[in-house]
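Asks: here's my sequence, what's the structure:
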Amino acid sequence: MALLTARSSTIFIATGLGTRVYRSVDEVPPSLRRKLQETTRGLNSATILIADKRGREELVRALQGQPSQVQCRLAETIRTRQSDSNSKPSRGFLARRVRIWLELVLPLAVAAVLWFFVESHF
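Replies: You can find the predicted model right below:
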């Protein structure tokens with residue numbers, strides 16, 4: 001049985017003039033290509049693999065701003081972490097509070113000890 005793999009690229013670029021579609025990076029005008037290369041190197045960039053017709057439909061829905069039927073594990077993980085952190089105070093919160101108090105009180109205590117030391121010897 002022969003296995004057929006089709007590979008294609010589609011680049012959507014939305015600017016103030018509208019959304020344009022390019023089939024390769026070479027088709028993108030040089031001014032936009034430079035911006036495209038800068039933004040795709042960042043943390044918010046990703047590669048999308050569409051394996052079937054339903055994947056393409058979901059991508060079109062997302063581009064049109066419509067809700068998706070696909071479950072996103074990353075989004076669910078972020079939501080669970082946020083709900084967990086909202087439900088109970090974390091240990092980090094207590095540690096930050098203690099650190100703030102130490103940063104305020106410790107310099108005053110050192111200054112008081114130095115003052116007593118200087119006053120008692122003169």
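Asks: where does pLDDT dip in the chain?
Replies: 1-7, 44-51, 68-79, 81-91, 122 (pLDDT under 70).
Asks: redo that, cut-off 80
Replies: 1-10, 12, 14-15, 38-93, 121-122 (pLDDT under 80).
Asks: which parts of it are strands?
Replies: For the chain, the strands defined by DSSP state E cover 11-15, 18-22.
Asks: residues near Pro67, how many?
Replies: For Pro67, the neighbour count with other C-beta atoms under 10 Å is 7. Any C-beta I mention is one placed from the backbone N, CA and C, and that applies to glycine too.
Asks: with adjacent residues omitted, what lies nearest to it?
Replies: Arg61 (7.5 Å; C-beta to C-beta, 6 or more residues apart in numbering).
Asks: how much space between that neighbour and Arg54?
Replies: Using C-beta to C-beta, to the nearest Å, Arg61 is found at 10 Å from Arg54.
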